[in-house]
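Enquirer: Next input, structure requested:
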Amino acid sequence: MFAYEIHQMRSAELRRQADQERLAREALRGRRAGRRSAGREAPVAESHSQGSRRHRFTRAA
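Expert: From the prediction side, this is the model:
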């Protein structure tokens, strides 16, 4: 009987852990979706790497 109770407790703990991980994934997915939708409304930021490809230092001989 003792082994069965340990099994039940471990099973319940694994279920709780899976629920917490699922909630964390859903929250992360929601934040990403929020950033994506907010990004569409925001103006496009200019990148410093676009445009000319001038290097910072001259090439060594």
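Enquirer: got a list of what the spatially most central residue of the chain touches?
Expert: By C-alpha atoms, centre = their mean, the chain has its centre lying nearest to L28, at 5.6 Å. Taking C-beta atoms under 8 Å, 6 or more residues apart in numbering as the contact definition, L28 lies against nothing. C-beta: built from backbone N, CA, C; applies to glycine.
Enquirer: And R59, how close does it get to R25?
Expert: As judged by C-beta to C-beta, to the nearest Å, R59 and R25 stand 48 Å apart.
Enquirer: Mind checking which of those two has more residues around it?
Expert: Under the criterion of other C-beta atoms under 10 Å, the comparison of R59 against R25 puts R25 first, with 10 against 5.
Enquirer: Mind telling me what element that one is part of?
Expert: Element membership for R25 (DSSP states H and E) is helix 2-41.
Enquirer: tell me the mean pLDDT for that helix?
Expert: For helix 2-41, the mean pLDDT works out to 93.
Enquirer: Please list all residues in contact with S37.
Expert: No contacts exist for S37 under C-beta under 8 Å, 6+ apart.
Enquirer: what's the distance between it and E21?
Expert: S37 is 25 Å from E21, where distance means C-beta to C-beta.
Enquirer: What of R15?
Expert: To E21, R15 is 11 Å away according to C-beta to C-beta.
Enquirer: next one: R54
Expert: R54 sits 47 Å away from E21, going by C-beta to C-beta.
Enquirer: How about Y4?
Expert: Y4 is 26 Å from E21, where distance means C-beta to C-beta.
Enquirer: Same question for R29.
Expert: Distance from R29 to E21, by C-beta to C-beta: 13 Å.
Enquirer: next one: F57
Expert: From F57 to E21 the distance is 47 Å (C-beta to C-beta).
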